[in-house]
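Undergrad: need coordinates for the following:
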Amino acid sequence: MKNGPRRMFVVPEPRPGTASVFVSNSAPVFAGEGDISYMCGGCGTVLIAFVAQDQIQGLIFKCPTCGVYNQIERPELDLTRQLKRPN
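TA: Below you'll find the model as predicted:
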């Protein structure tokens, strides 16, 4: 991984049946064999480890550490800046 994990976008909890949401009790929620990783937009936990460019699209990941919902693509409503991040 060249530049470290990329930060995901925080999104509202999707309404039931409107999105595919990955939920796990531990992180990373998904791991592959690529060279890109993504971290939670809320707390920085790595949620997606070592995937290929564009391998993950249109999915939402619930962070097992802080409980916020994240996606890779820029959403219409981005809540990332509204969260208070730990220093």
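Undergrad: now do stretch 54-72: distance from first to last residue.
TA: Length of stretch 54-72, first residue to last, C-alpha to C-alpha, to the nearest Å: 9 Å.
Undergrad: pull out the buried residues from that stretch.
TA: Residues of stretch 54-72 classed as buried: 56, 59-64, 66, 68-72 (neighbour count, 16 or more other C-beta atoms under 10 Å). In short, each C-beta sits where N, CA and C put it, glycine included.
Undergrad: ok, and what's touching it?
TA: 6, 8-14, 19-27, 29-30, 32, 34, 38, 40-43, 45, 47-48, 73, 79, 83 (C-beta atoms under 8 Å, 6 or more residues apart in numbering).
Undergrad: from those, which land in strands?
TA: Using DSSP state E, the members of the contacts of stretch 54-72 that fall in strands are Arg6, Phe9, Val10, Val11, Ser20, Val21, Phe22, Phe30, Tyr38, Leu47, Ile48.
Undergrad: how about the residue nearest the centre of the chain, phi and psi?
TA: By C-alpha atoms, centre = their mean, the chain has its centre lying nearest to Asn70, at 4.0 Å. Backbone torsions for Asn70, taken as degrees, to the nearest 10, come to phi -130, psi 150.
Undergrad: could you count how many residues lie near the residue nearest to it when sequence neighbours are not counted?
TA: Distance criterion C-beta to C-beta, 6 or more residues apart in numbering; nearest residue to Asn70, sequence neighbours excluded, is Met8 at 3.9 Å. Residues near Met8, counting by other C-beta atoms under 10 Å, number 24.
Undergrad: residues contacting Met8?
TA: Tyr38, Met39, Cys40, Gly41, Leu47, Ile48, Phe61, Asn70, Gln71, Ile72.
Undergrad: take the residues you listed and lay them out in a markdown table including pLDDT.
TA: Below are the contacts of Met8 laid out as a markdown table (pLDDT from 0 to 100):
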| residue | pLDDT |
| --- | --- |
| Tyr38 | 95 |
| Met39 | 96 |
| Cys40 | 97 |
| Gly41 | 95 |
| Leu47 | 96 |
| Ile48 | 95 |
| Phe61 | 95 |
| Asn70 | 95 |
| Gln71 | 93 |
| Ile72 | 90 |
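Undergrad: how many neighbours does Glu33 have?
TA: Glu33: 9 neighbours (other C-beta under 10 Å).
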